[in-house]
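Peer 1: Predicted model and sequence below, questions to follow.
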Amino acid sequence: MSATENSEKSQVDQLDVHGLETYLNDVLPDFRGPVRASKFSGGQSNPTFKLQTGSGTFVLRRQPPGKLLKSAHAVDREFRVMQALAGSEVPVPKVLHLCEDRDVIGSMFYLMEYCEGRIFWDAALPELDNTQRGAFYEEMNRVLAALHSVDVEAVGLADYGRPGNYFERQFERWQGQYRASELQPISAMDQLIAWLGQHLPADDGRVSLVHGDYRLDNIMFHPGESRAIAVLDWELSTLGHPFADLAYQCMQLRMPADSGNISGLMGVKRSALGIPSEQEYVARYCERMGIDRIDNWAFYLAFSFFRLAAIIQGVAKRAHDGNASSKNAAQLGAFVAPLAQLALGVIENEQ
C-alpha cells in the first residue's frame with residue numbers, strides 16, 4: 001500500500017477532532033466541547049462516528065476520503081431526506097447540521113442525534129421469542145408501507161429523483177458503477193447483466209420514496225418494544241419503484257445466514273421461529289398498500305441481487321484502492337459471484 005493509500009485509510013478511521021470542535025462551536029448554538037470520537041464498526045459505505053461532547057452525544061456521518069464514484073456516498077441526500085421525514089410515520093433521527101465544506105474534516109459530513117435503541121444483525125432474531133419475532137417483522141412491514149405512502153410533494157421531495165422508468169435508470173446506473181469497479185471478469189455477473197437488460201419491465205407509473213437499502217440492521221428499534229425508532233442509512237434513497245425496496249428485503253432474507261455483513265434465512269424454517277414466509281410478508285405489504293398482486297417478481301428479485309453485487313464490488317474496489325470504511329471490505333469481493341449465481345437461480349426457478 002502506498003503512502004497516499006495509508007494516509008487515506010487513516011482518514012477513514014480518524015477525525016480531526018480539534019478542527020471539528022472549532023467548526024461546531026461556530027455553527028451550532030449551545031455547542032460545547034471537548035469532542036471525543038469513536039468510529040462505529042458496522043457499515044461499508046460512509047464512515048460513521050459517535051461523538052461524545054460537553055453538550056451531549058451525537059452521530060457524525062461523512063463521505064470517505066479519496067476519489068469517489070460519481071453520485072456515490074451522497075451524505076447530503078441522506079441529510080435532506082431525513083430532514084424531510086421528520087414528524088412523519090417513518091421514524092428517522094433528528095438531523096442537526098450538514099457541512100458541505102470539505103476542508104473542515106476532509107470530506108462532506110452531517111451531524112444527527114444519537115438514538116438509544118436496539119439494532120439486530122441476525123435475521124433469525126435469536127434474542128427474541130416467537131411472538132416477538134413476528135411483531136418485529138410486522139413492524140418492518142408497517143414502516144416500509146408507510147415509507148412508500150409518503151406524499152413526496154407535501155414533504156418537499158418531489159424533485160428527489162429523476163422521471164422515467166426507474167428500473168431502466170437503476171440498471172444503467174449500477175451496470176456503470178459495476179463496470180467502473182470491476183477488478184476481474186465474473187461470468188455470472190455478465191450473464192445476469194445481459195438477462196436484466198433484456199427483461200426490463202415497462203414503466204407501470206408507480207413512484208414513491210424508496211430507501212434503497214431497507215433491511216433489518218438499518219432499523220433501530222425501541223429498547224424494550226417492537227417499535228422502530230429510527231430508519232438509518234439513506235444514502236441510496238430516491239424517488240423510484242416501491243417494489244424495489246420490497247424485493248430487496250425479500251432478496252436478503254433468501255440469502256445464507258452470513259453473506260458478508262448481511263444475515264439471511266436461507267434454509268431456515270420460518271414458521272418454527274414465528275417469522276412470516278416471503279409469501280406472507282409480501283401479502284401483508286400488498287394489503288397495506290391496497291395492491292392485489294405483484295407481477296415480474298422474478299425480475300425484481302434478480303435485480304436486487306445484481307444491485308447488491310454491484311454495491312459490494314464498489315466496496316471491494318475501494319478496499320483495493322485503500323479508502324474503504326470497513327476493515328473487512330477487501331473480503332467482500334468474494335460475495336459478488338455467489339450473489340450473481342443466486343440471481344440466476346431466481347431467474348431459472350421463479351419465472
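Peer 2: Received, thanks.

Peer 1: Please count neighbours and contacts with C-alpha atoms only from this point.
Peer 2: OK.

Peer 1: Please enumerate the helices of this protein.
Peer 2: 3-13, 17-27, 75-85, 130-148, 166-181, 187-198, 242-253, 270-273, 278-289, 297-321, 329-332, 336-350 (DSSP state H).

Peer 1: Leu232: which of the ones you listed is closest?
Peer 2: Leu232 lies closest, by Cα to Cα, to one member of the helices of the chain: helix 75-85, at 8.9 Å.

Peer 1: Averaged pLDDT, that closest one. What do you get?
Peer 2: Mean pLDDT, computed over helix 75-85, is 96.

Peer 1: what does stretch 161-171 give?
Peer 2: Stretch 161-171 comes out at a mean pLDDT of 91.

Peer 1: Mind listing what's buried along it?
Peer 2: 161, 165-167, 171 (16 or more other Cα atoms under 10 Å).

Peer 1: For His148, list the residues it contacts.
Peer 2: Applying Cα atoms under 8 Å, 6 or more residues apart in numbering, we find His148 in contact with 208-210, 242.

Peer 1: can you check Leu339 too?
Peer 2: Applying Cα under 8 Å, 6+ apart to Leu339 gives the contacts 305-306, 308-309.

Peer 1: go on, Ala244?
Peer 2: Listed by Cα under 8 Å, 6+ apart, the contact partners of Ala244 are 210, 212, 300, 304.

Peer 1: got it, and Phe120?
Peer 2: 216-217, 220.

Peer 1: again with Phe109
Peer 2: 60-63, 75-76, 98-100.

Peer 1: Okay, it and Gln63: tell me how far apart.
Peer 2: To Gln63, Phe109 is 6 Å away according to Cα to Cα, to the nearest Å.

Peer 1: And Ile311, by the same measure?
Peer 2: For Ile311, the distance to Gln63 - Cα to Cα - is 16 Å.

Peer 1: Name the nearest residue to Leu98, ignoring sequence neighbours.
Peer 2: Closest residue to Leu98 apart from its sequence neighbours, by Cα to Cα, 6 or more residues apart in numbering: Tyr110 at 4.2 Å.

Peer 1: so the one you found bridges to which residues?
Peer 2: Taking DSSP bridges as the rule, Tyr110 bridges to Arg61, Leu98.

Peer 1: is it true that it touches His97?
Peer 2: Yes. Assessed by Cα atoms under 8 Å, Tyr110 is found in contact with His97 at 5.5 Å.

Peer 1: more neighbours, these two?
Peer 2: Neighbours were counted for Tyr110 and for His97 using other Cα atoms under 10 Å; Tyr110 has more, 20 against 16.

Peer 1: residues contacting that one?
Peer 2: By Cα under 8 Å, 6+ apart, Tyr110 lies in contact with 60-62, 75-76, 79, 95-99.

Peer 1: can we see that at 7 Å?
Peer 2: 60-62, 79, 97-99 (Cα atoms under 7 Å, 6 or more residues apart in numbering).

Peer 1: Kindly provide the distance from it to Gly345.
Peer 2: Tyr110 is 40 Å from Gly345, by Cα to Cα.

Peer 1: swap in Tyr300?
Peer 2: Tyr300 is 13 Å from Gly345, by Cα to Cα.

Peer 1: ok, the two, which is more surrounded?
Peer 2: Tyr300 (24 against 13).

Peer 1: thinking the more buried one is in contact with Leu246, fair?
Peer 2: No. Counting by Cα atoms under 7 Å, Leu246 is not a contact partner of Tyr300; they are 8.8 Å apart.

Peer 1: Retrieve the pLDDT associated with Met1.
Peer 2: pLDDT, Met1: 42.

Peer 1: Gly333 too?
Peer 2: pLDDT, Gly333: 80.

Peer 1: Pull the number of nearby residues for the residue nearest to it when sequence neighbours are not counted.
Peer 2: Computed as Cα to Cα, 6+ apart, the closest residue to Gly333 that is not its neighbour in sequence is Ala316, at 5.1 Å. Residues lying near Ala316 (other Cα under 10 Å) number 27.

Peer 1: Quick check: Ala316 vs Leu332, distance?
Peer 2: Distance from Ala316 to Leu332, by Cα to Cα: 6 Å.

Peer 1: do Phe79 as well
Peer 2: 27 Å.

Peer 1: Tell me which of those two has more neighbours.
Peer 2: Phe79 (24 against 21).

Peer 1: that older thread, buried only: go through the contacts of Phe109 for me.
Peer 2: Burial by neighbour count, judged by 16+ other Cα under 10 Å, picks out 60-63, 75-76, 98-99 from those.

Peer 1: Looking at those residues, which is nearest Gly274?
Peer 2: Closest approach to Gly274 among the buried ones among the contacts of Phe109 (Cα to Cα): Arg61, at 35.2 Å.

Peer 1: So that closest one is in contact with Leu51, correct?
Peer 2: No. Arg61 is not in contact with Leu51 according to Cα under 7 Å; the separation is 10.4 Å.

Peer 1: Got the confidence number for Arg318?
Peer 2: 82.

Peer 1: Likewise for Ser41?
Peer 2: Per the predicted model, pLDDT is 77 at Ser41.

Peer 1: if we can go back for a sec, let me have the contacts of Phe120 in JSON lines, extended by neighbour count and distance to Leu232.
Peer 2: JSON lines is the format used below for the contacts of Phe120 (neighbours: other Cα atoms under 10 Å; distance: Cα to Cα, whole Å):
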{"residue": "Leu216", "neighbour count": "23", "distance to Leu232": "10"}
{"residue": "Asp217", "neighbour count": "22", "distance to Leu232": "9"}
{"residue": "Met220", "neighbour count": "22", "distance to Leu232": "7"}
